[in-house]
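[1] Output the structure for:
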Amino acid sequence: MGIYLFNTQVLFDLLQTNPNYDDFGGDIIPHAIKTCDVYGFDFDGYWRDIGTIRSFYEANLEMVCQNPPFNFYDTERPVYTHSRFLPGSIVEDSKLKDVLLAEGCQIQKAEITHSVIGLRSLISAGTKIKDSVLMGADYYTDSFVSSSSKPPIGIGPNCHIEGAIIDKNARLGAGVVIRPFPPGTEITTEDWVVQDGIVVIPKDGCLVSGTHIEPKE
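    Okay, here's the model as predicted:
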(Lines give C-alpha, C1' and ligand atoms only; values in the text may rest on other atoms or scores of the structure.)
Protein backbone atom coordinates (compact mmCIF):
# COMPACT_ATOMS: atom_id res chain seq x y z
CA MET A 1 0.00 0.00 0.00
CA GLY A 2 1.25 3.50 -0.69
CA ILE A 3 0.09 7.01 0.12
CA TYR A 4 2.67 9.38 -1.33
CA LEU A 5 3.39 13.02 -0.53
CA PHE A 6 5.79 14.88 -2.79
CA ASN A 7 7.23 18.32 -3.16
CA THR A 8 5.63 19.16 -6.49
CA GLN A 9 8.63 21.06 -7.83
CA VAL A 10 10.99 18.19 -6.96
CA LEU A 11 8.63 15.69 -8.59
CA PHE A 12 8.27 17.85 -11.70
CA ASP A 13 12.05 18.18 -12.04
CA LEU A 14 12.52 14.45 -11.57
CA LEU A 15 9.98 13.62 -14.30
CA GLN A 16 11.47 16.23 -16.62
CA THR A 17 14.90 14.64 -16.39
CA ASN A 18 13.54 11.07 -16.52
CA PRO A 19 10.64 11.06 -19.03
CA ASN A 20 10.49 7.25 -19.10
CA TYR A 21 9.52 7.01 -15.44
CA ASP A 22 5.89 5.87 -15.15
CA ASP A 23 5.67 4.02 -11.83
CA PHE A 24 6.02 5.39 -8.31
CA GLY A 25 7.16 2.15 -6.67
CA GLY A 26 9.45 0.97 -9.44
CA ASP A 27 10.91 4.22 -10.77
CA ILE A 28 10.29 7.41 -8.85
CA ILE A 29 10.75 6.34 -5.23
CA PRO A 30 14.00 4.37 -5.82
CA HIS A 31 15.44 7.40 -7.63
CA ALA A 32 14.22 9.82 -4.95
CA ILE A 33 15.86 7.78 -2.18
CA LYS A 34 19.23 8.50 -3.76
CA THR A 35 18.68 12.22 -4.35
CA CYS A 36 16.06 13.51 -1.87
CA ASP A 37 15.00 13.27 1.75
CA VAL A 38 12.58 10.31 1.85
CA TYR A 39 10.62 9.10 4.88
CA GLY A 40 8.44 6.05 5.34
CA PHE A 41 5.79 4.85 7.76
CA ASP A 42 5.15 1.15 8.46
CA PHE A 43 1.46 0.30 8.10
CA ASP A 44 0.37 -2.82 9.98
CA GLY A 45 -3.41 -2.63 9.50
CA TYR A 46 -5.63 -4.42 6.99
CA TRP A 47 -4.63 -3.99 3.37
CA ARG A 48 -5.14 -6.01 0.21
CA ASP A 49 -3.97 -5.42 -3.32
CA ILE A 50 -6.95 -5.52 -5.72
CA GLY A 51 -5.01 -4.55 -8.83
CA THR A 52 -5.69 -7.86 -10.61
CA ILE A 53 -8.80 -9.94 -11.21
CA ARG A 54 -7.58 -12.73 -8.93
CA SER A 55 -6.58 -10.40 -6.09
CA PHE A 56 -9.95 -8.61 -6.35
CA TYR A 57 -11.73 -11.97 -6.31
CA GLU A 58 -9.78 -13.32 -3.35
CA ALA A 59 -10.11 -10.10 -1.31
CA ASN A 60 -13.89 -10.17 -1.72
CA LEU A 61 -14.20 -13.81 -0.71
CA GLU A 62 -12.08 -13.19 2.40
CA MET A 63 -15.01 -11.12 3.71
CA VAL A 64 -17.39 -14.10 3.80
CA CYS A 65 -15.33 -16.17 6.24
CA GLN A 66 -16.49 -16.63 9.82
CA ASN A 67 -13.51 -14.63 11.08
CA PRO A 68 -12.69 -12.22 8.25
CA PRO A 69 -9.40 -10.31 8.38
CA PHE A 70 -11.28 -7.01 8.29
CA ASN A 71 -14.12 -6.15 10.68
CA PHE A 72 -16.91 -4.07 9.18
CA TYR A 73 -18.65 -4.03 12.54
CA ASP A 74 -15.97 -2.38 14.67
CA THR A 75 -17.89 -0.23 17.17
CA GLU A 76 -15.10 2.36 17.30
CA ARG A 77 -14.46 2.52 13.55
CA PRO A 78 -17.60 1.34 11.75
CA VAL A 79 -17.68 1.15 7.96
CA TYR A 80 -20.73 2.35 6.03
CA THR A 81 -21.63 1.87 2.38
CA HIS A 82 -23.09 4.54 0.15
CA SER A 83 -26.54 5.52 1.41
CA ARG A 84 -29.30 3.70 -0.50
CA PHE A 85 -33.04 3.37 -0.04
CA LEU A 86 -33.68 -0.28 -0.87
CA PRO A 87 -35.94 -2.97 0.55
CA GLY A 88 -34.51 -5.75 2.65
CA SER A 89 -33.42 -8.90 0.85
CA ILE A 90 -35.94 -11.74 0.45
CA VAL A 91 -34.59 -15.29 0.68
CA GLU A 92 -37.18 -17.94 -0.19
CA ASP A 93 -36.60 -21.57 0.84
CA SER A 94 -32.84 -21.38 0.16
CA LYS A 95 -29.60 -22.60 1.70
CA LEU A 96 -26.91 -19.99 2.38
CA LYS A 97 -23.54 -20.75 3.98
CA ASP A 98 -20.73 -18.22 4.42
CA VAL A 99 -22.46 -15.57 2.30
CA LEU A 100 -22.13 -11.79 2.34
CA LEU A 101 -25.59 -10.64 1.25
CA ALA A 102 -26.30 -7.04 0.26
CA GLU A 103 -29.67 -5.31 0.43
CA GLY A 104 -32.48 -5.45 -2.10
CA CYS A 105 -31.92 -9.04 -3.28
CA GLN A 106 -34.50 -11.64 -4.28
CA ILE A 107 -33.37 -15.25 -3.95
CA GLN A 108 -35.69 -18.14 -4.83
CA LYS A 109 -34.95 -21.69 -3.73
CA ALA A 110 -31.22 -21.45 -4.39
CA GLU A 111 -28.10 -22.87 -2.76
CA ILE A 112 -25.27 -20.39 -2.20
CA THR A 113 -21.92 -21.14 -0.58
CA HIS A 114 -18.86 -18.97 0.13
CA SER A 115 -19.95 -16.09 -2.09
CA VAL A 116 -20.66 -12.37 -2.20
CA ILE A 117 -24.14 -11.43 -3.41
CA GLY A 118 -24.34 -7.77 -4.43
CA LEU A 119 -27.26 -5.39 -4.13
CA ARG A 120 -30.44 -6.01 -6.17
CA SER A 121 -29.26 -9.50 -7.16
CA LEU A 122 -32.02 -11.70 -8.59
CA ILE A 123 -31.36 -15.43 -8.29
CA SER A 124 -33.91 -17.91 -9.62
CA ALA A 125 -34.96 -21.30 -8.30
CA GLY A 126 -32.71 -24.33 -8.63
CA THR A 127 -29.51 -22.32 -9.01
CA LYS A 128 -26.30 -23.20 -7.16
CA ILE A 129 -23.59 -20.60 -6.58
CA LYS A 130 -20.20 -21.32 -5.02
CA ASP A 131 -16.97 -19.36 -4.59
CA SER A 132 -18.30 -16.46 -6.64
CA VAL A 133 -18.71 -12.69 -6.53
CA LEU A 134 -21.97 -11.27 -7.89
CA MET A 135 -21.91 -7.50 -8.24
CA GLY A 136 -25.71 -7.23 -8.45
CA ALA A 137 -27.59 -4.64 -10.47
CA ASP A 138 -27.98 -0.89 -10.79
CA TYR A 139 -31.75 -1.08 -11.17
CA TYR A 140 -34.72 -3.44 -11.00
CA THR A 141 -36.63 -4.99 -13.87
CA ASP A 142 -40.34 -5.74 -13.59
CA SER A 143 -39.98 -9.43 -12.79
CA PHE A 144 -37.97 -12.59 -13.27
CA VAL A 145 -39.58 -12.92 -16.71
CA SER A 146 -38.15 -11.10 -19.73
CA SER A 147 -40.33 -9.81 -22.55
CA SER A 148 -37.37 -9.44 -24.93
CA SER A 149 -35.10 -11.92 -26.66
CA LYS A 150 -32.60 -11.55 -23.84
CA PRO A 151 -32.96 -13.23 -20.44
CA PRO A 152 -33.96 -10.88 -17.60
CA ILE A 153 -31.29 -9.23 -15.45
CA GLY A 154 -30.05 -11.67 -12.84
CA ILE A 155 -29.33 -15.38 -12.62
CA GLY A 156 -31.81 -17.66 -14.33
CA PRO A 157 -33.19 -20.96 -13.02
CA ASN A 158 -31.13 -24.15 -12.63
CA CYS A 159 -27.74 -22.49 -13.16
CA HIS A 160 -24.46 -23.67 -11.68
CA ILE A 161 -21.96 -20.88 -11.05
CA GLU A 162 -18.58 -21.56 -9.47
CA GLY A 163 -15.35 -19.57 -9.36
CA ALA A 164 -16.74 -16.56 -11.19
CA ILE A 165 -17.19 -12.81 -11.02
CA ILE A 166 -20.56 -11.67 -12.40
CA ASP A 167 -20.51 -7.92 -13.00
CA LYS A 168 -23.50 -5.58 -12.65
CA ASN A 169 -26.65 -5.94 -14.75
CA ALA A 170 -25.54 -9.26 -16.23
CA ARG A 171 -28.19 -11.54 -17.71
CA LEU A 172 -27.81 -15.29 -17.38
CA GLY A 173 -30.46 -17.53 -18.90
CA ALA A 174 -31.68 -20.87 -17.62
CA GLY A 175 -29.26 -23.75 -17.16
CA VAL A 176 -26.06 -21.72 -17.53
CA VAL A 177 -22.99 -23.56 -16.21
CA ILE A 178 -19.80 -21.73 -15.16
CA ARG A 179 -16.87 -23.57 -13.62
CA PRO A 180 -13.37 -22.31 -12.75
CA PHE A 181 -10.35 -22.89 -14.93
CA PRO A 182 -6.83 -23.74 -13.73
CA PRO A 183 -4.92 -20.71 -12.38
CA GLY A 184 -3.07 -18.91 -15.14
CA THR A 185 -5.68 -19.66 -17.81
CA GLU A 186 -6.41 -16.64 -20.06
CA ILE A 187 -9.32 -16.70 -22.52
CA THR A 188 -11.10 -13.82 -24.24
CA THR A 189 -14.43 -14.12 -26.06
CA GLU A 190 -17.09 -11.64 -27.10
CA ASP A 191 -19.34 -12.41 -24.12
CA TRP A 192 -16.99 -13.49 -21.34
CA VAL A 193 -13.33 -13.75 -20.35
CA VAL A 194 -11.16 -15.92 -18.15
CA GLN A 195 -8.36 -14.16 -16.29
CA ASP A 196 -5.97 -16.20 -14.20
CA GLY A 197 -8.51 -19.02 -14.15
CA ILE A 198 -11.47 -16.90 -12.98
CA VAL A 199 -14.46 -16.56 -15.28
CA VAL A 200 -15.65 -12.95 -15.60
CA ILE A 201 -19.00 -11.93 -17.07
CA PRO A 202 -18.69 -8.20 -17.86
CA LYS A 203 -21.12 -5.45 -16.92
CA ASP A 204 -24.36 -5.70 -18.94
CA GLY A 205 -23.15 -9.04 -20.28
CA CYS A 206 -25.55 -11.72 -21.47
CA LEU A 207 -25.33 -15.52 -21.55
CA VAL A 208 -28.17 -17.30 -23.33
CA SER A 209 -29.83 -20.30 -21.77
CA GLY A 210 -27.76 -23.47 -21.78
CA THR A 211 -24.39 -21.73 -22.08
CA HIS A 212 -21.49 -23.79 -20.67
CA ILE A 213 -18.20 -22.15 -19.67
CA GLU A 214 -15.88 -24.77 -18.21
CA PRO A 215 -12.55 -26.48 -18.86
CA LYS A 216 -12.58 -29.15 -21.51
CA GLU A 217 -12.12 -32.62 -20.12
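[2] Only C-alpha atoms from now on, for both contacts and neighbour counts.
    Fine.
[3] Which of the helices or strands spans the spatially closest residue to residue 49 that is not a sequence neighbour?
    Leaving aside its chain neighbours, residue 49 sits nearest to residue 55 (6.3 Å; criterion: CA to CA, 6 or more residues apart in numbering). Per DSSP states H and E: residue 55 is located in helix 53-62.
[4] which strands and helices sit next to the helix or strand that that helix is followed by?
    Using DSSP H and E, the next helix or strand after helix 53-62 towards the C-terminus is strand 90-92. Using 3 or more CA pairs under 8 Å, 6 or more residues apart in numbering; DSSP states H and E as the contact test, the elements touching strand 90-92 are strand 106-108.
[5] Quick check: which helices or strands does the strand it packs on pack against?
    Using 3+ CA pairs under 8 Å, 6+ apart, strand 106-108 sits against strand 90-92, strand 122-123.
[6] just to revisit the earlier point, what's the helix holding residue 55 in contact with?
    Helix 53-62 has contacts (CA atoms under 8 Å, 6 or more residues apart in numbering) with 48-50, 68-69, 114-116, 131-133, 165, 195-196, 198.
[7] now, which of these lie within strands?
    Those of those mapping onto strands are 114-116, 133, 165, 195, 198, per DSSP state E.
[8] if we can go back for a sec, and the helices and strands packed on strand 106-108, which is most packed in?
    Comparing the helices and strands packed on strand 106-108 by mean neighbour count (mean count of other CA atoms under 10 Å), strand 122-123 comes out on top with a mean of 28.
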